[in-house]
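Trainee: Mind looking at a prediction? Sequence and model below.
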Amino acid sequence: MVRLLNNRSTSQGNYLVVEETLELLSRIGKKKQFHVPFPIQNESETNHERSEFGNSHAMQRVDPSVYCCKCYYGTLFLRLDLPGFTRSVYKRDHALITPESHVFSPLPDWANTLGAYLITPAMGSHFVMYLAKMQENARSGLPPEGVERLIFVIQGAVNLTNSSRISDKLMVDSYAYLPPNFEHSLKCDSSATLVVFERRYAFLDNHITEQIVSSTDKLTLLETPGEVFELRKLLPESMPYDFNIHIMDFQPGEFLNVKEVHYNQHGLLLLEGQGIYRLGDSWYPVQAGDVIWMAPFVPQWYAALGKTRSQYLLYKDLLLHLLHLLNVDMVSKAIAGGCFQSICCRYSGNVARFSSAIWREKFQSMEQIYAHCLWEHCNAIVLSWILNMVSQELSAGIFFVSNALRVWEDLKEHIDKIDGSRVYFLHREIVSHSQGTSSISVYYTRLRLLWDEYDVIAPFVVCNCEILLLKPLLSVNQAYSMLVQEEGQRQNIGRLTSILEPTALYSSTLVKKCFHGVCHYCHIKGHKKETCYKLIDYPADYKFNKRKGSAVNNVVLSSEGESTSSLAKYYVPAKVPTFTREHYQQILEFLGKDPPVQATTHMAGIRFVPFQYDWILDTGATNHMTFDIEQLSSYVACDSSSFVQPPNGKTTQIAHKGTYAFSPTQTLTNVLHVPDFHYNLLGEMKGIARSHNGLYILKSSSSSLGLFIKVLVFVRPNKTGLLNKNTSIFLTFLMPSSFNLLFQLNSGVCSFGFYGVFIGAEDFRLKILLCFLSLPYPMTLIVIFLHIPVVASHAPNYSRDESSLNDSSFVHAFSCHPETTNAQNIASGSACPIPNLCSSSFSIMESTSFEPKTYYETAHDKRWVKAMQHEIHALEENGTWTVVDLPPNKRPIGCKWVYQIKYNSDGSVERFKTWLVSKGYSQCEGVDFHNTFSPVAKQVTVHTVIVMAAMLGWELYQMNVFNAFLKGDLHEEVYMTLPDGFRNQGESRVCRLLKSLYGLKQASRQ
Ligand SMILES: NC(=O)N[C@H](N)C(=O)O
């Protein structure tokens, strides 16, 4: 190494070359002093080369294809000797292709010629650069239509003949430019090596290019302001030529002054000398024979090193008139090489199309071409937007499409498939997104993102929430600041209310117990036998050393109105919505009580989701309306001029008019079917109901009167948050027969709610309170009456008064404590705990249907009734049972309906599905069953069959059987009660099961 540096050069370039070699060697464990095995080329060798090239300044010029064997520096030779080593590099925005990595193969359409493609569009270029090694009697082929060609001779000589039979002999350093579609032929008698550049010609106006034959020595040196290198250009600098080839000469030590970054792409062949090329962030020692591809905008810089001149040939595109077509975004996009190539391929495809002969015919004038250029420009920009926006997975599929509209439509089609489910997902996210403990700005930002996406992919849905009812409509920012203000206020008073947060409530007061008698069971004063803890078990939170007064929870209102906390830690989240003082007073008013000295309120809860098929009360609409024709028992079509006009000002078509039956005895006539609606609206109550204390008492077609009400019921949890195990609480609302059993609570959760629409009797108040008396132990029930005016003209208005925000006091509650309820009082009507329905307004977001849990929730919903009938029909068809009288000494197991709404991928309801499930847990081994097994195919078995069918070429048929237990005969004697809805009052007959049913011990378990 020392010898090398001393003998040849101390220039930085050599030093780097050698240093790099040493570093490489040290990395592979050969770090030791070594001698350059080959002497540096001497004059005679150089002369030999010169004679081979037959050209005066070919001192270092060699055939690049064999150059690796003749390199100047033994150090490089050493490196190339290493197994698998190459200096070639291929990166996203540049490539160095060195001679040892050239691969030659016969050039198509050329005779006796081997070619090595060095730069092609596969790299991202819009041109090709290749070496053509012509052998004896070699002949060239023609480039494809519309493609122009430039050849430069680097070794040997060729004869060029054109269609006019004019011939030119081209020696080393000679070149020829051959316009697109120009007939020509290159012939070689002995051998020649050419570097060839080809690209699709970008036709412009009426300009055409001409054949040029010349050599570098005939070219004049051009001015290079600010630069020191010598520059010659092989082609004229005129409009028709869309590229040029530069010959650039550098003396040792000279370098590019400008650290160039520009839109042009380059193909470079180093003809002589050596130096350092900087490409992007990489620095490459280069020498004669090396080829470089430079993508647009790759930072580039060259310094000539060594003792002799270095010279390179440089392809440079001149898309002056197409400059706008080059889209920086596309190139700068940080994507993997393959993708990048694809973009450029596609891009060059555009250019190619632009320049094709078809275009030439297509466009008559410059205006047309410019118009098309503009189109291409927009197209390219939109394409780059799309490509930059979509995920890598998606972009892979669209790289090859060059028309932005097509890409867009493809994507739309592609993504539309999941659009529905995305809409559904967004919808649900928006509906269920709650502020929780986050600040309004966090909440707002997240919600805004959801809304923005929703707005884009789903049509605008008119929302009648309170803020949106303001006139003039607030801007989003105004609404935001209004909410922030409100947030501030609430923080000041230390309360945070969120209607979507799970809420429930316990209220109890220090009102003196109303029952003064003695329990007949334990003989202790203050309660009755029915509510005696000794008899019915103590609640877990029962305080044995109890002081007067009941448990205190979240809010304690002293006479001074201060709040304190006590038992909250047991079962109430730290920040739960609380009652405001107004609410509390309202409740007390309902209860007909004076504000106590001390009162307590507990809250816990559930999320409230309305059922789409519920009827929204007292909407103020002139007519009753339903969105669903299926709900009408009889109807007639309306003519196309029938419209309703909701308060949003739009007119909406009425499709039908018909009758809706709430129950066999209660019907609504003249109900309009308005398909555009999302809810059922009960219009003006006049005529169908009379108002009484804010309740609407329905006049029904029969003599019995009904009451519409939506109720949420919360039960106070015990201390540990759990109801006593095995505790079933039956709340019996004494209503018309079908609603007798309202619900059963045997949940282990600390609080729960129930939501439903009931048709009650006229003396509802009395009966609802009476039922509380049958509670097993003291328990506070909060009944929340909800009234949801979707298009109500009397919906709360922000401007009404400053307390309007608190008007989310949709909760009208009353507390009922068995110990505090005076049945006599209530019966005599002196206590009036029924809230005013009219004022209980509550705006709620549209939501999806919920799945009923009990038969009673579905008994009057035609869809569920239909689904149940369908299931029964299928079971009977399959011979699942026969209906028999229950034999003596036999005990039937129960059964239960299970409901599920099946959704399409777009969130719309596909169908209402029901299953009849037997209560197999009450079966006894040896009586009702002996063995348990799996009468349905296991998934793995199905897979095996499919695999076998695929392997053996079987045909597979798929059929859908409505019942899971097509087979699965029962051998045991199992009796089951008749399913709900298919049993008459007092019916004693049962189903003798012949086939398995879900839930049976004999049924599937996997
Ligand atoms: N890398 C180069 O040599 N670039 C040239 N100076 C050019 O683009 O003009």
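Mentor: Nice, I can see it. Numbering: from 1, shown residues only.

Trainee: quick one, what contacts the closest residue to the ligand within the stretch 201-350 of the chain?
Mentor: Relative to the ligand, the nearest point of the stretch 201-350 of the chain is residue 300 (4.3 Å; C-beta to the nearest ligand atom). The C-beta positions use only the backbone N, C-alpha and C, and glycine is treated the same way. By C-beta atoms under 8 Å, 6 or more residues apart in numbering, the contact list for residue 300 reads 94, 256, 259-261, 266, 277-279, 294.

Trainee: Quick one: which of the residues you listed is the most crowded by neighbours?
Mentor: Within the contacts of residue 300, residue 294 tops the neighbour count with 26 neighbours, counted by other C-beta atoms under 10 Å.

Trainee: Beta-bridge partners for it, please?
Mentor: residue 94, residue 266 (DSSP bridges).

Trainee: need the contact list for it.
Mentor: Residues near residue 294 by C-beta under 8 Å, 6+ apart: 93-94, 265-268, 279, 300.

Trainee: redo that, cut-off 6 Å
Mentor: When contacts are counted by C-beta atoms under 6 Å, 6 or more residues apart in numbering, residue 294 is found next to 94, 266, 300.

Trainee: just those residues now: which is nearest residue 164?
Mentor: Set against residue 164, the nearest of the contacts of residue 294 by C-beta to C-beta is residue 266 (33.2 Å).

Trainee: Give me the distance between that closest one and residue 87.
Mentor: 18 Å (C-beta to C-beta, to the nearest Å).

Trainee: burial of whichever residue of the stretch 551-700 of the chain sits closest to the ligand, as a residue count?
Mentor: Residue of the stretch 551-700 of the chain nearest the ligand, by C-beta to the nearest ligand atom: residue 650 (62.5 Å). The local packing of residue 650 (other C-beta under 10 Å) involves 11 other residues.

Trainee: Provide the secondary structure category for it.
Mentor: Following DSSP: H, G, I helix; E, B strand; the rest coil, we place residue 650 in the coil state.

Trainee: residue in the stretch 1-150 of the chain nearest to the ligand?
Mentor: Here the stretch 1-150 of the chain gets closest to the ligand at one residue, residue 94, 10.5 Å apart by C-beta to the nearest ligand atom.

Trainee: Enumerate the residues of the stretch 251-400 of the chain near the ligand.
Mentor: Counting by C-beta under 6 Å from any ligand atom, the stretch 251-400 of the chain comes close to the ligand at 256, 260, 264, 266, 300, 302, 314, 316.

Trainee: Sticking with residue 372, tell me its helix or strand.
Mentor: Taking DSSP states H and E as the criterion, residue 372 maps to helix 366-389.

Trainee: Could you tell me the average pLDDT over that helix, please?
Mentor: Averaging the model's pLDDT scores along helix 366-389 yields 71.

Trainee: Alpha carbons of that helix, as CSV, please.
Mentor: Below are the C-alpha coordinates for helix 366-389, written out as CSV (Å, rounded to 0.1, in the frame of the first residue of the first chain):
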residue,chain,number,x,y,z
MET,A,366,-50.6,22.9,-30.1
GLU,A,367,-53.6,23.9,-28.0
GLN,A,368,-54.8,20.4,-28.0
ILE,A,369,-51.5,19.1,-26.9
TYR,A,370,-51.2,21.7,-24.2
ALA,A,371,-54.8,20.9,-23.1
HIS,A,372,-53.7,17.3,-22.9
CYS,A,373,-50.5,18.3,-21.1
LEU,A,374,-52.7,20.0,-18.5
TRP,A,375,-54.8,17.0,-18.2
GLU,A,376,-51.7,14.9,-17.7
HIS,A,377,-50.5,17.3,-15.2
CYS,A,378,-53.7,17.1,-13.1
ASN,A,379,-53.8,13.4,-13.6
ALA,A,380,-50.2,13.0,-12.3
ILE,A,381,-50.9,15.2,-9.3
VAL,A,382,-54.1,13.4,-8.4
LEU,A,383,-52.3,10.1,-8.8
SER,A,384,-49.6,11.2,-6.5
TRP,A,385,-52.1,12.3,-3.9
ILE,A,386,-53.8,9.0,-4.1
LEU,A,387,-50.6,7.1,-3.9
ASN,A,388,-49.4,9.1,-1.0
MET,A,389,-52.7,8.7,0.8
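
Trainee: For that helix, which helices and strands make contact with it?
Mentor: helix 404-432 (3 or more C-beta pairs under 6 Å, 6 or more residues apart in numbering; DSSP states H and E).

Trainee: Show me how the protein divides into domains.
Mentor: 89-317, 373-414, 625-685, 855-995 (the TED database).

Trainee: Span of the first one from start to end?
Mentor: In other words, domain 89-317. In domain 89-317, first residue to last residue: 23 Å (C-alpha to C-alpha, to the nearest Å).

Trainee: Could you do the last one as well?
Mentor: Here the two ends of domain 855-995 are set 23 Å apart, with distance taken as C-alpha to C-alpha.

Trainee: Residue 451 falls within a helix, correct?
Mentor: Yes. Applying three-state DSSP, one finds residue 451 inside a helix.

Trainee: What is the burial count for it?
Mentor: Residue 451: 15 neighbours (other C-beta under 10 Å).

Trainee: so what's it closest to, chain neighbours aside?
Mentor: Spatial nearest neighbour of residue 451, chain neighbours left out: residue 430 (6.6 Å); criterion: C-beta to C-beta, 6 or more residues apart in numbering.

Trainee: Wait, the one you found touches residue 450, no?
Mentor: Yes. The criterion here is C-beta atoms under 6 Å, and residue 430 meets it with residue 450 at 5.0 Å.

Trainee: who's in contact with residue 372?
Mentor: Counting by C-beta under 6 Å, 6+ apart, residue 372 has no contacts.

Trainee: where's it relative to the ligand, distance?
Mentor: Distance of residue 372 to the ligand, given as C-beta to the nearest ligand atom, to the nearest Å: 28 Å.

Trainee: Save the contacts of residue 294 as JSON lines, and put in pLDDT and distance to residue 252 too.
Mentor: Listed next are the contacts of residue 294 as JSON lines, based on pLDDT from 0 to 100; distance: C-beta to C-beta, whole Å:
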{"residue": "94", "pLDDT": "95", "distance to residue 252": "24"}
{"residue": "266", "pLDDT": "96", "distance to residue 252": "22"}
{"residue": "300", "pLDDT": "96", "distance to residue 252": "20"}
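
Trainee: Residue 307 belongs to a helix, doesn't it?
Mentor: No. Assessed with three-state DSSP, residue 307 is coil; it does not lie in a helix.

Trainee: What values do phi and psi take at it?
Mentor: Main-chain dihedrals, residue 307, degrees, to the nearest 10: phi -100, psi -20.

Trainee: Report how many residues lie close to it.
Mentor: 13.

Trainee: Repeat that for the one 5 residues further on.
Mentor: Other residues lying near residue 312 total 26 when counted by other C-beta under 10 Å.

Trainee: Give me the three-state assignment for residue 135.
Mentor: Residue 135 is classified as strand under three-state DSSP.

Trainee: okay but it is in contact with residue 114, surely?
Mentor: No. Contact criterion C-beta under 6 Å: residue 135 and residue 114 do not qualify, at 7.5 Å.

Trainee: So for these two, which sits in the more crowded spot?
Mentor: Neighbours were counted for residue 135 and for residue 114 using other C-beta under 10 Å; residue 114 has more, 19 against 15.

Trainee: low-scoring stretches of the stretch 1-150 of the chain, by residue?
Mentor: Within the stretch 1-150 of the chain, the stretches with pLDDT under 70 are 1-80.

Trainee: name the element the residue in the stretch 401-550 of the chain that the ligand sits nearest to belongs to?
Mentor: Closest approach of the stretch 401-550 of the chain to the ligand (C-beta to the nearest ligand atom) occurs at residue 402, with a separation of 27.2 Å. Remark: residue 402 resides in no helix or strand, with elements defined by DSSP H and E.

Trainee: next one: residue 277
Mentor: If you go by DSSP H and E, residue 277 is part of strand 274-279.

Trainee: For that strand, give me every contacting residue.
Mentor: 94, 283-287, 298, 300-306, 310.
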